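K.L.:
let me see the structure of the following:
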Amino acid sequence: TRLTWGNQESIWPLSLAALGAVPTPRIQALAQHKKDFSALYQEQLRKTEEERGSAKTTRPSSHKAQYEQAVRLATPRARSRSSQEVSPPHSPWCEHSCPMWHISPVVRNTVISPRVLQLARPKTTHPDFRSNRQMVETYIPYAAKTARMTPRLEQLCLPKLRDSSLFYQHGGPETPIWPVSTGAKKATASTRVRDLSTPKALSKDYIPPRDLRWL
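P.N.:
Next up is the predicted model:
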């Protein structure tokens, strides 16, 4: 059958059993279309915009309010009390020998536990530790001072001479750079080798570049 778009007929043919089937409540629940919450979202968005607009209008915009805001932001924050700062900081009656932090008598009279005393001890050096020696004199025996070198030791002390493989002695123009063996010199090239060694010929339609003076 020919498929016509726009009518209510199904694309695939349905069987009689499918046409007469009774859907279950679960299938009917799944067949319900999804609810449209766009209107609710638009309403919430509109309320948010109205709240922001009202907050902007209630904010004072006078020069006095701006000055007070700048003064408030420029005021330094008060220092929070730490574990070391028990009492207020220095006063005008403090002397030069006054400590950096004022400690209350309660903290001074605190009983220190043995564990705190153990942790307060500095780490000691290992008994087998040896520091760096400042004056170290190397002792050379008399036999080493009066010893004489043998010819074998002198030969072993000489650097090993090696032929450089990067540079070659310049010879005549006809001499090869790399050494050629006698077998390679006496070898006879085959026909295939000669064909491969023949340079590639130019095309018949090739025109060499003309001299500028010719123009």
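K.L.:
low-confidence ranges in the protein?
P.N.:
Across the chain, the ranges flagged by pLDDT under 70 are 1-8, 54-61, 78-102, 163-171, 173, 211-215.
K.L.:
run a quick neighbour tally on residue 33.
P.N.:
By other C-beta atoms under 10 Å, the residues close to residue 33 number 5. For the C-beta atoms, the positions are set from N, CA and C on the backbone; glycine is no exception.
K.L.:
what about it, which helix or strand?
P.N.:
Assigning secondary structure by DSSP states H and E places residue 33 outside every helix and strand.
K.L.:
repeat for residue 152
P.N.:
Assigned by DSSP H and E, residue 152 belongs to helix 151-157.
K.L.:
now do the buried residues in that helix.
P.N.:
Going by neighbour count (16 or more other C-beta atoms under 10 Å), nothing in helix 151-157 comes out as buried.
K.L.:
and it, how far out from the chain middle?
P.N.:
55 Å (C-alpha atoms, centre = their mean, to the nearest Å).
K.L.:
other residues contacting that helix?
P.N.:
Contacts to helix 151-157, defined as C-beta atoms under 8 Å, 6 or more residues apart in numbering, come from residues residue 149.
K.L.:
for stretch 24-41, same thing?
P.N.:
Contacts of stretch 24-41 (C-beta under 8 Å, 6+ apart): residue 23.
K.L.:
distance across it, terminal residue to terminal residue?
P.N.:
The straight-line separation of the ends of stretch 24-41 (C-alpha to C-alpha, to the nearest Å) is 33 Å.
K.L.:
then the helix holding residue 152 to CSV, C-alphas only?
P.N.:
Listed next in CSV are the C-alpha coordinates belonging to helix 151-157 (Å, rounded to 0.1, in the frame of the first residue of the first chain):
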residue,chain,number,x,y,z
PRO,A,151,107.9,1.1,31.4
ARG,A,152,104.7,-0.9,31.7
LEU,A,153,103.0,1.8,33.9
GLU,A,154,104.2,4.5,31.6
GLN,A,155,102.7,2.6,28.6
LEU,A,156,99.4,2.2,30.5
CYS,A,157,99.3,5.9,31.3
